[in-house]
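Undergrad: just a sequence and a predicted model for now, questions to come.
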Amino acid sequence: MSVADVVRDYGPLAGLLGVTITLAVTGRRAARTARQAIHARAVEAVVAYLEMPFAVRRRRHESEHRSAERVRLTEAFSAIQAELASCEALMRADKSARVRDQYASLVTTLRGCAGKQASLAWSTPPIERDEDIGMADVYQALEPVREAQRSFEGVAAMSSRRCWGISRRS
């Protein structure tokens, strides 16, 4: 059998194998990119929720703006809650149990800490001075959320580095 015979007989199979491998690799890359986008969206929802205690304390305090500020902030918080619920549903569908569990833990911590701080913020007078803008007390109270967020981001990053089911070492 000559080289020409081998190429003629097996060339199309080799080409088909190459196309199949290319499609598989491209599909895995697209799936990984989609998962990364969902993870980023989930973190964005957490950060938006995390900002609410600050937004409430920074609300406009003039008497003619109080009602409008309540409406504005509660509508914003409702939109954030809806986005967070959507992200929770997306994260429950993640293929990695560690990612799912870590996000659930993050949201539980978020709702406990940031929810409590947002509630306290409504009963606290709005800030009126520039030097109060940092709100160190609120920032410190939210540290458990930031810690849970870092933990989730680490697990999500490790999950995104997997290739063909095997974790790569960076």
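TA: Looks like it arrived, so ask away.

Undergrad: can you pull the poorly scored residue ranges out of the chain?
TA: For the chain, the stretches with pLDDT under 70 are 162-170.

Undergrad: longest single helix anywhere in it?
TA: Among all segments of the chain classified by DSSP state H, the helix with the greatest residue count is helix 3-57.

Undergrad: past it, which element shows up next along the chain?
TA: On the C-terminal side of helix 3-57, the closest following helix or strand by DSSP states H and E is helix 66-92.

Undergrad: one step back: which other helices and strands contact the longest helix of the chain?
TA: Applying 3 or more C-beta pairs under 8 Å, 6 or more residues apart in numbering; DSSP states H and E, we find helix 3-57 packed against helix 66-92, helix 97-122, helix 136-141, helix 143-160. C-beta here means a position set from N, CA and C on the backbone, and glycine is covered the same way.

Undergrad: same thing but 6 Å
TA: The contact analysis (3 or more C-beta pairs under 6 Å, 6 or more residues apart in numbering; DSSP states H and E) places helix 3-57 against helix 66-92, helix 97-122, helix 143-160.

Undergrad: from the chain's centroid, how far away is it?
TA: The chain centroid and the centroid of helix 3-57 are separated by 18 Å under C-alpha atoms, centre = their mean, to the nearest Å.

Undergrad: next one: stretch 102-120
TA: Chain-centre distance of stretch 102-120: 14 Å, with C-alpha atoms, centre = their mean.
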